[in-house]
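A.B. asks: just to be clear, the model below is a prediction. Sequence and coordinates:
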Amino acid sequence: MNLQNKTNCILERYNRHLNEKFPRRHPNILAFAESLYEESEHWISVLRDVSYGLESEGDYDKAVIVELPSSYENFDNKKYKRIFVDGFRKKAGMAKKAFNKKAAAKTKKAKAATRVAKMD
């Protein structure tokens, strides 16, 4: 049995694995509990086999710790946000305020009414 992960993110891989265990997308509580029970039994046996030396833990590359450049400490996050985020909003025509559903619906309705009026 190979316990080594085939993806960069262990949680993403396990999430996909666990989703494959369920019989359908939204199982009932009994099917959900049975699937979790089977999964826990599987991992208990795997850990038991590893502790007895029957299976290996897997070979992983040693973690590499990267040094951050000194300029990172002097990075001005507020300036970055002002240039990139606010600049993007201006290009996209988005307001700085949070999205307001009612106001957006009202604006959309007014634009539609203007288009209908131009058709006449």
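C.D. replies: Arrived safely.

A.B. asks: from here on, contacts and neighbour counts on C-alpha atoms
C.D. replies: Noted.

A.B. asks: wait, what's in contact with Lys118?
C.D. replies: Going by Cα atoms under 8 Å, 6 or more residues apart in numbering, Lys118 touches no other residue.

A.B. asks: what's the separation between it and Glu12?
C.D. replies: 52 Å (Cα to Cα, to the nearest Å).

A.B. asks: now the residue nearest to Pro23 when sequence neighbours are not counted. Its backbone dihedrals?
C.D. replies: Distances taken as Cα to Cα, 6 or more residues apart in numbering put Ala31 closest to Pro23, at 7.5 Å, once the chain neighbours are dropped. Dihedral angles of Ala31 (phi, psi; degrees, to the nearest 10) stand at phi -60, psi -40.

A.B. asks: would you check that Ala31 makes contact with Phe22?
C.D. replies: Yes: with contact defined as Cα atoms under 8 Å, Ala31 and Phe22 form a contacting pair (7.3 Å).

A.B. asks: any idea of the mean pLDDT for whichever strand or helix holds Glu34?
C.D. replies: Here Glu34, judged by DSSP states H and E, is contained in helix 29-51. For helix 29-51, mean pLDDT is 89.
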